[in-house]
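> Fold the following.
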Amino acid sequence: MRVSVVIPTYWGRKKSVGWQEGDGVYDHPTPLDEEGTLQRTLESMSILNNKDVSLIVPICPTTPEIEAEVVKKVTSIIEKSDFDIETYIFTPQTLRDIKMNLIENGYDGDLSLLSLDGYSNIRNMCIYSTQLINADVAILIDDDEVFENPDYIDMAIEHIGKRKFGKMIYGVAGYYLNKFDEFYDDVDIVPWMTYWNRFGSKTEAFDKIIGQEPRMKITPFAFGGAMTIHKNLFQLVPFDPKIRRGEDIDYLMNAKMFGFDFFLDNELNIKHLPPKKNHPVWKRFREDIYRFLFEKNKIENQKDLNYMNNVTAEDFDPYPGHFLKEDLEDKIFKTNVLLALDYLAKGDVIGCQESIKNVYLSKYEAKPHFDVFDDYIKVQENWVDLMNESIKYRRVLRKTIENYNLSRNKIKINMEEFSNITLEDKIDKFRKHALFNDFNDEEIKVLAEMSELIVYDENDIIFRNNDNKLYAYAIIRGCVRIVKCNSKGEEIILANICSNSIIGETSLLKDEFSSTGVADEFVVLMRISKEELEKLIQENPVIGNKVMKLFLERMYMKLHDTSKLYQDRVMKEEHFED
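Numbers count the residues shown, from 1 in each chain. Alright, predicted model coming up:
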């Protein structure tokens, strides 16, 4: 299972300049002339026991005017950080390159979902970039968090793809700890909150979901900076780009509509140390008004579709469910009247006026003037189309994102280093390979003892057509293109196969390779010779037959895929006459 850790980072103009009309609006973008919190987050990754992940850092400037400076600044921070993890940056230029590649390859679909503007779009780019590097799981982290649990990665993926309470787990939520190592919000309850008991509802939800057993349970809430999402979920369900805030819980709602439940792990936590909030209370409350009216509209406008589940506000009780019901507007009115009086008592006339304006906005502007559910269904359809096309063109897109791999220049093929790899290292490689999940420790050890780890640089030949020295290869990292050459010597690509797959297994039934395998990028492989496998079948038929069963299953899948492609091609070329 290949894992990405995605940490978006937000940057604004220099502090002396400040926010300008038209700039993106985020909670606390780091001023360009300050260091911010990103380096602290990155350096905390040094404690992780499992660093076999790819780090992706989406870079999100509040305005294109500072894009080049921000990319340079973030790149410098990453290069200064002390951790040994493959790292990509995902910049506005990365996005422009990807769009151009899709267009040049004939994609004429909606590209508006490819955006780094706004929280939801940025979250979508977190999971989209995960798809581009062919990872199976995205672990979403924010740049104001600190890893304190060395086992965070292993715990985040521990239950992904497994079954709990009769349901498959494709979404896992962790939770935040504040500076006091508590999971409660660090706020004081004040009189104006009498009718807007948001923090009380959250406390009730946290006590129920985080504070009680069992460890894994279906949750009505999630935290954007502590979400783990499997590709089976994120290839189907996008974040809703129309919601201004609260995109994390809205995503949980969208997932539930498509039959996916998020499970909260009450042992999976991360330290959350955000900068002090600078926005006034009335403004933060205004964002709550927009988000809850948006989500309420989505629930109320659901349609009976045979591939979706209807959800209710009660499904998300106590939080956010308490703010998605019929009394929402009454709560907004009463709370803003109290908030206005509170401002007035303190002599803050502007705060009072803005609080009264919140009441007006809740009646006339904050309510969506469109069917939120129908709009999301269109977004979801466009997302699936975009994902499918990106998979179709994954080779060219992968090459594009590899241009933004900061670790690329650090990768040196040192054959002496790899030849001295330990047995324990090889065992670890097999254990992490998805196709060997059903092999026990003893079986993995046997395979590791008879295998060798080998690496290739981009465009190196791994095996050639008609070679008779035969191997089966488990792809640990990278992608391999399988090709044949025509009479002109031109390369015809038959397939592009990436990590967590195997290649060469069909040739073990023959005397030679029938195609050529080329490293599409830096590739790490575990290989076992045909002779060793034949010896294994004779001397240890239980394990040998288990390996051959795996190979036969893979050959069947490849034959099935090839047959389907052929049928699709025939159907497109057939002409029917009346």
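
> Could you use CA atoms for every contact and neighbour count after this?
Noted.

> shouldn't residue 344 be in contact with residue 352?
Yes. Using Cα atoms under 8 Å, residue 344 is in contact with residue 352, at 5.7 Å.

> the more surrounded of those two?
In this view residue 344 and residue 352 are compared by other Cα atoms under 10 Å, and residue 352 has more residues nearby, 22 against 15.

> for the more buried one, helix, strand, or coil?
helix (DSSP: H, G, I helix; E, B strand; the rest coil).

> Which helix or strand contains the residue lying closest to it once chain neighbours are set aside?
Excluding its sequence neighbours, the residue lying closest to residue 352 (Cα to Cα, 6 or more residues apart in numbering) is residue 340, at 4.1 Å. Element membership for residue 340 (DSSP states H and E) is helix 328-345.

> got the buried residues for that helix?
Using 16 or more other Cα atoms under 10 Å as the test for burial, helix 328-345 gives 328-329, 331-343.

> Also stretch 448-456?
448, 451, 452, 453, 454, 455, 456.

> wait, doesn't the second one sit right on residue 531?
No. Using Cα under 8 Å, residue 451 is not in contact with residue 531, being 11.5 Å away.

> how many neighbours does the closest residue to residue 372 other than its chain neighbours have?
In this structure, residue 372 finds its nearest non-sequential neighbour in residue 298, 4.9 Å apart by Cα to Cα, 6+ apart. Per other Cα under 10 Å, the neighbour tally for residue 298 reads 23.

> List the residues that contact residue 298.
371, 372, 373 (Cα atoms under 8 Å, 6 or more residues apart in numbering).

> Contacts only, for the first one.
Read that as residue 371. Residue 371 is in contact with 297, 298, 301, counting by Cα under 8 Å, 6+ apart.

> go again using 10 Å as the cut-off
Under the criterion of Cα atoms under 10 Å, 6 or more residues apart in numbering, the contact list for residue 371 reads 294, 297, 298, 300, 301, 302.

> Looking at those residues, spot the one nearest residue 13.
residue 294 (30.2 Å; Cα to Cα).

> The closest one: what secondary structure?
Under three-state DSSP, residue 294 comes out as helix.

> what stretches of the stretch 201-350 of the chain score poorly on pLDDT?
Residue ranges of the stretch 201-350 of the chain with pLDDT under 70: none are present.

> hey, where'd the strands end up in it?
Ranges of strands within the stretch 201-350 of the chain are 216-218, 226-230, 262-272, based on DSSP state E, counting those that start in this stretch.

> which one of those lies closest to residue 141?
Residue 141 sits nearest to strand 226-230 of all those, at 5.6 Å, using Cα to Cα.

> Show residues contacting that closest one.
Residues external to strand 226-230 that are found in contact with it (Cα under 10 Å, 6+ apart): 3-5, 127, 130, 135-142, 145, 153, 156-157, 160-161, 169-176, 235, 248, 262-264, 268-270, 272.

> Mind checking which of the residues you listed land in helices?
If you go by DSSP state H, those have 127, 130, 153, 156, 157, 248 in helices.

> From what I see, the fourth one and residue 172 are in contact.
Yes. Look at residue 156 against residue 172 with Cα atoms under 10 Å: they come within range, at 7.1 Å.

> Looking at those two, which one has more neighbours?
Neighbours per residue (other Cα under 10 Å) separate residue 156 from residue 172, with residue 172 holding more: 28 against 24.

> in the sheet, who's paired with that one?
Here residue 172 sits in beta bridges with residue 228, residue 263, going by DSSP bridges.

> Spit out the contact partners of it.
If you count contacts by Cα under 10 Å, 6+ apart, then residue 172 has 139, 155-160, 216-219, 222, 226-230, 261-265, 268 around it.

> if I look at it, how far off is residue 424?
For residue 172, the distance to residue 424 equals 30 Å [Cα to Cα, to the nearest Å].

> ok, back up a step: distance to residue 378 added to the buried residues of stretch 448-456, as a markdown table?
Formatted as a markdown table, those follow (distance: Cα to Cα, whole Å):
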| residue | distance to residue 378 |
| --- | --- |
| 448 | 48 |
| 451 | 49 |
| 452 | 49 |
| 453 | 46 |
| 454 | 46 |
| 455 | 44 |
| 456 | 43 |
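
> So which of those residues are in helices?
Reading helices off the buried residues of stretch 448-456 with DSSP H, I get residue 448.

> nearest to residue 477, of the buried residues of stretch 448-456?
Within the buried residues of stretch 448-456, the smallest distance to residue 477 is 9.3 Å, found for residue 455 (Cα to Cα).

> The closest residue to the closest one other than its chain neighbours: what's it in contact with?
In space, and not counting its chain neighbours, residue 455 is closest to residue 524: 4.6 Å by Cα to Cα, 6+ apart. By Cα under 10 Å, 6+ apart, the residues touching residue 524 are 418, 453-457, 473-479, 499.

> make it 7 Å
454, 455, 456, 475, 476, 477, 478 (Cα atoms under 7 Å, 6 or more residues apart in numbering).

> So which of those is the closest to residue 541?
residue 475 (24.2 Å).

> Report the secondary structure state of the closest one.
Per three-state DSSP, the secondary structure class of residue 475 is strand.

> neighbours around the spatially closest residue to residue 331 that is not a sequence neighbour, how many?
Ranked by Cα to Cα, 6+ apart and with sequence neighbours excluded, the top spatial neighbour of residue 331 is residue 195, at 5.6 Å. Using other Cα under 10 Å, residue 195 is surrounded by 16 other residues.

> just residue 247 next, same as before
Applying other Cα under 10 Å, we find 24 residues neighbouring residue 247.

> I'd guessed it sits against residue 121; true?
No. If you go by Cα atoms under 7 Å, residue 247 and residue 121 don't touch, sitting 9.4 Å apart.

> residues contacting the residue nearest to residue 352?
Taking Cα under 7 Å, 6+ apart as the test, what residue 340 contacts is 351, 352, 355, 356.

> Going by neighbour count, which of those residues comes out on top?
Neighbour counts for the contacts of residue 340 (other Cα under 10 Å) peak at residue 355, which has 27 neighbours.

> Just confirm that residue contacts residue 339, I think it does.
Yes. Residue 355 lies in contact with residue 339 (Cα under 7 Å); the separation is 6.4 Å.

> so where is the protein shaky, pLDDT-wise?
By pLDDT under 70, the weakly predicted segments of the chain are 408-419, 486-490, 560-578.

> All good on my end, thank you.
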